[in-house]
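Asks: need a 3D model of the following:
(2 chains)
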Protein chains: 2
Amino acid sequence: MSVIVRNVLLDGSASDILIEDGLIAGIGDAGMFRSRGATVIDGTGKAAIPGMVNTHTHAAMTLFRSYANDLPLMTWLSERIWPLETKLTDDHVYWGTRLACLEMVRSGTTAFNDMYYHVGATARAVKDSGIRGVISAVFFDMLAADDIEGAMKGARKQVKEIRDVRCPRATAALGPHAPYTVSDEAIGAIADMSASMGLQVHFHLAETKKEVMDYQARTGKRLVQSLDDLGLLSPRLLAAHCVWLDSDDIALLAERGVTASHCPVSNMKLSVGAAMPYVLMRKTGMPVTLGTDGCASNNGLDMFDTMKTAALLQKHATGDPTAMPAHEAFAMATLAGARALGIDAGEIAVGKRADIVLVDLHRPEMTPGHDLVSDLVYSASGGCVDTTICDGEVLMLEGVVEGEEEVLERAREAAADLFSNVE
Amino acid sequence: MSVIVRNVLLDGSASDILIEDGLIAGIGDAGMFRSRGATVIDGTGKAAIPGMVNTHTHAAMTLFRSYANDLPLMTWLSERIWPLETKLTDDHVYWGTRLACLEMVRSGTTAFNDMYYHVGATARAVKDSGIRGVISAVFFDMLAADDIEGAMKGARKQVKEIRDVRCPRATAALGPHAPYTVSDEAIGAIADMSASMGLQVHFHLAETKKEVMDYQARTGKRLVQSLDDLGLLSPRLLAAHCVWLDSDDIALLAERGVTASHCPVSNMKLSVGAAMPYVLMRKTGMPVTLGTDGCASNNGLDMFDTMKTAALLQKHATGDPTAMPAHEAFAMATLAGARALGIDAGEIAVGKRADIVLVDLHRPEMTPGHDLVSDLVYSASGGCVDTTICDGEVLMLEGVVEGEEEVLERAREAAADLFSNVE
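Replies: Take a look at the predicted model:
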């Protein structure tokens, strides 16, 4: 099955993009490729950009969207979120993730890095929605540090659950939650499992100052150095947040090839107290990507919003309006994200996976159109996305996603069920 | 001519809204009002909210959108923006403002407070677009401080230009630019004119620390106290930015009834170095509203984006996740803004002007829908707006704005003409 995107703006000129077997098979002048039974999409008045990659989220938490806001972090977690999470079922997670995938497809995101419960359900939602997910089961062990072996057995079982769904777009990873919820022993065991099984690791790192100070007080060791001693730091590690790091920490993370997922909206909303030290990271060459975080702390999954907020936050925090220019934010949201998740996409080039988004240029936000990337970062929103293609499959065509009504309805029902005994 | 919005979500229940002669004539249970030749809008699956009010912008600067970003403030102004502004014609400003109005209508804004050049053209654009504008001619006099009388004559002429357009939605105001571009003598004369003619004043106040320090160095007086001595501080003054103010300044502004227009996106993008002291302002009861600023420093006019960024910035700057909860940001964007501009709207109640926006709830961003206001502030974008009504006229119906293509095309032509000799 092949798709031709006809007469689309690509790198400044009108082009055709030929997609075959999930890959970008050809790029040429408009009108170059014969239709020969292909699905033809009219790209006139649209720009083709790589699908965006959201490197840190908890997709099923769409069900918690706007449930509890404007609260202190620990009140919010311990009184509002955690009690409900114990009630989650496969069905809740499946429909919550479908809702998240729908929102991502609508707003131009074609891949996400997830950490949550009921990973089999998440993998099925990824399969059925058509986008890509790197899926990890959230792993806490502070209360069960005496049974590392049992915990590792559980982690392996969850990897198997994801793989049993047999979807090439759904990749299993490991999800140790954070330094304050996972013991050093378990972190070491997970690092070993990641190395032996070649699995990516998804981890919350240095989100709050307290977590970094507490670790040092508890263990007598510096957090990042200790994680390296435990073997966790490697190119397989994707560390979300990375706010409270100093230059030594960053140098070590960069040396080990660790990727950061910057979540500016969540960091501001939860008042973590600082901006991720992006300028320092950039100097070391550390890969930096962008994430929305879950809907309970954002409350949306629009990567356009995250690109803009990332650029604004760096300018604000550094006092330098030239910090994180638009093209850097855009590269973080696309190519850097794809690399971090091991997806051969993030750019529109022959031979790459066909993860492509068409942005409608016939909108006031995109007019007069002096600079496409600046418009995308500073002026566009997910509402400007016209068509979304992932792995060569057309998931949204001119604003229409098949089956959207069912997803919205079933997600509403799942939320109603989950919240049925609350208040 | 009357309009009925049928079966729309209003304050938590399904209602009908009857609009007659530009006013909200009735609100009742769904199905209550007979059609009797009225235009009927199906509000099923939509929520009715007040039209948003953007209290600080330079609308025609849409033509500069994404032209020059990520530059230091003075380089940006002196090398990129100001040289082009000298070339502006009525035609540029008219189509730039039409483009801005289109973007506002699409994103649920029904009124804006403008300061720019060629005010007659702005007033005509307001008339033709259907929304409300408070229009002021930007006034600089540092080089002509010896001819205050001549300058005031010019200001009166510009007020007349706006009034000559004879549009009840276009209101004339005075627009002294800022303390660093307008002499004390001129500020005093403008304050007198504002009082005698009952005109609102639109002013940039304390956007940068430098401007505040420079004023004090130049005059030996504290900026805000000096403005009061000159008679500028009154309920007619709408002061944009208000970033670098201390508690004495705020107490005095509050006592005089001055309204602030907070522009968080612009402040962050231009790295003004601090967040507006909102918490302090709120304690004094000073009215605070929201503005996008012009498209050269934002780069869009979406008030949803501004509400979210305002709430995030306060949480980040204060370290308190409970700062500026969603309902406060929403009230700033609606009721407080309408009050500041002297519009009897900003809430949906019988007898108010019919400035009403319908938001589509059948979208992933608005699902599952635990809390409408939180969804609007933290998750929605302008793309969720379905229908926009201003002064009882339906300006956008189910995503369609009549004449949109012409506005986009003519605005592109105007930008091309303006930039034709650049580089």
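
Asks: okay, CA-based contacts and neighbour counts for the rest of this
Replies: Fine.

Asks: chain center to the helix or strand harbouring A:His316: distance?
Replies: Take DSSP states H and E as the rule and A:His316 turns out to sit in helix A:303-318. Counting by C-alpha atoms, centre = their mean, to the nearest Å, helix A:303-318 is centred 16 Å from the centre of its parent chain.

Asks: what about chain A, any weak spots by pLDDT?
Replies: A:143-145, A:423 (pLDDT under 70).

Asks: domain parsing for chain A?
Replies: A:2-50+A:347-399, A:52-340 (automatic domain parsing).

Asks: is the helix or strand that contains A:Ala123 in proximity to chain B?
Replies: Secondary structure from DSSP H and E places A:Ala123 in helix A:119-129. No. Shown here: helix A:119-129 not in contact with chain B (C-alpha under 8 Å from any C-alpha of the partner chain), separated by at least 13.8 Å.

Asks: are there helices or strands packed against that helix, and which ones?
Replies: Contacts defined by 3 or more C-alpha pairs under 8 Å, 6 or more residues apart in numbering or on different chains; DSSP states H and E place helix A:119-129 against helix A:90-106, strand A:132-139, helix A:148-164, strand A:170-176.

Asks: could you export the domains of chain A to a markdown table, including columns for mean neighbour count?
Replies: Formatted as a markdown table, these follow (neighbours: other C-alpha atoms under 10 Å in any protein chain shown):
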| stretch | mean neighbour count |
| --- | --- |
| domain A:2-50+A:347-399 | 21 |
| domain A:52-340 | 22 |
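
Asks: with distance to B:Gly37 added, can I get those in a markdown table?
Replies: As requested, the domains of chain A are exported to a markdown table (distance: least, C-alpha to C-alpha, whole Å):
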| stretch | distance to B:Gly37 |
| --- | --- |
| domain A:2-50+A:347-399 | 33 |
| domain A:52-340 | 38 |
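
Asks: for B:Asn7, find the nearest of those domains.
Replies: domain A:52-340 (23.8 Å; C-alpha to C-alpha).

Asks: so what's the closest residue to chain B within the stretch 1-150 of chain A closest to, chain neighbours aside?
Replies: In the stretch 1-150 of chain A, the residue that lies nearest chain B is A:Asp70 (4.4 Å; C-alpha to the nearest C-alpha). Closest residue to A:Asp70 apart from its sequence neighbours, by C-alpha to C-alpha, 6 or more residues apart in numbering or on different chains: B:Thr322 at 4.4 Å.

Asks: for the one you found, phi and psi?
Replies: The phi and psi values for B:Thr322, taken as degrees, to the nearest 10, are phi -90, psi 0.

Asks: now do A:Asp360
Replies: When read as degrees, to the nearest 10, the backbone of A:Asp360 gives phi -70, psi 120.

Asks: now A:His370
Replies: For A:His370, the backbone dihedrals (degrees, to the nearest 10) come out as phi -60, psi -40.

Asks: residue contacts, A:Leu270?
Replies: By C-alpha atoms under 8 Å, 6 or more residues apart in numbering or on different chains, A:Leu270 lies in contact with A:Pro72, A:Leu73, A:Ser297, B:Lys315, B:His316, B:Asp320, B:Pro321.

Asks: from those, which is closest to A:Leu227?
Replies: Closest to A:Leu227, out of all of the contacts of A:Leu270 and judged by C-alpha to C-alpha, is A:Leu73, at 24.7 Å.

Asks: the closest one reaches B:Pro321, doesn't it?
Replies: Yes. Using C-alpha atoms under 8 Å, A:Leu73 is in contact with B:Pro321, at 7.5 Å.

Asks: which SS state does the residue nearest the centre of chain A fall under?
Replies: Centre of chain A computed as the mean C-alpha position; nearest residue by C-alpha atoms, centre = their mean is A:Asn54, 2.2 Å away. What DSSP: H, G, I helix; E, B strand; the rest coil gives for A:Asn54 is strand.

Asks: ok so, going back, could you look up the SS state of the residue of the stretch 1-150 of chain A closest to chain B?
Replies: Secondary structure, three-state DSSP: A:Asp70 is coil.

Asks: is it true that it touches B:Gly319?
Replies: No. Counting by C-alpha under 8 Å, A:Asp70 stays clear of B:Gly319, with 11.9 Å between them.

Asks: not counting sequence-adjacent ones, nearest residue to A:Arg353?
Replies: Nearest one to A:Arg353, counting by C-alpha to C-alpha, 6+ apart, is A:Leu23 at 4.4 Å.

Asks: so the one you found touches A:Ile348, yeah?
Replies: No. Judged on C-alpha under 8 Å, A:Leu23 makes no contact with A:Ile348 at a distance of 10.1 Å.

Asks: overlap in contacts of these two?
Replies: Contact criterion C-alpha under 8 Å, 6+ apart; residues shared by A:Leu23 and A:Ile348: A:Ala354.

Asks: quick one: the residue nearest to A:Asp70 from B:His316, how far?
Replies: Distance, B:Thr322 to B:His316, using C-alpha to C-alpha, to the nearest Å: 10 Å.

Asks: which residues touch the nearest residue to A:Gly382 once chain neighbours are set aside?
Replies: Using C-alpha to C-alpha, 6+ apart and skipping the chain neighbours, the partner closest in space to A:Gly382 is A:Ser107 (3.8 Å). Shown in contact with A:Ser107 (C-alpha under 8 Å, 6+ apart): A:Leu301, A:Asp302, A:Met303, A:Phe304, A:Ser381, A:Gly382, A:Gly383, A:Cys384, A:Val385.

Asks: dihedrals phi and psi, the last one?
Replies: The one in question is A:Val385. phi -80, psi 130.

Asks: and the residue lying closest to A:Asp184 once chain neighbours are set aside, how close does it get to A:Ala186?
Replies: The shortest distance from A:Asp184 to any non-neighbouring residue, by C-alpha to C-alpha, 6+ apart, is to A:Leu230 (7.3 Å). A:Leu230 sits 9 Å away from A:Ala186, going by C-alpha to C-alpha.

Asks: cool, and A:Val159?
Replies: According to C-alpha to C-alpha, A:Val159 stands 16 Å off from A:Ala186.

Asks: equivalent analysis for A:Ile81, please.
Replies: 24 Å.

Asks: now do the phi/psi pair for A:Pro50.
Replies: According to degrees, to the nearest 10, A:Pro50 has phi -60, psi 150.

Asks: list the contacts for A:Asp3?
Replies: You called it Asp, but residue A:3 is Val. Going by C-alpha under 8 Å, 6+ apart, A:Val3 touches A:Leu18, A:Ile19, A:Glu20, A:Ala38, A:Thr39, A:Val40, A:Ile41, A:Gly392.

Asks: contacts only, for A:His262.
Replies: A:Ala240, A:His241, A:Cys242, A:Met276, A:Val288, A:Thr289, A:Leu290, A:Gly291, A:Ala310.
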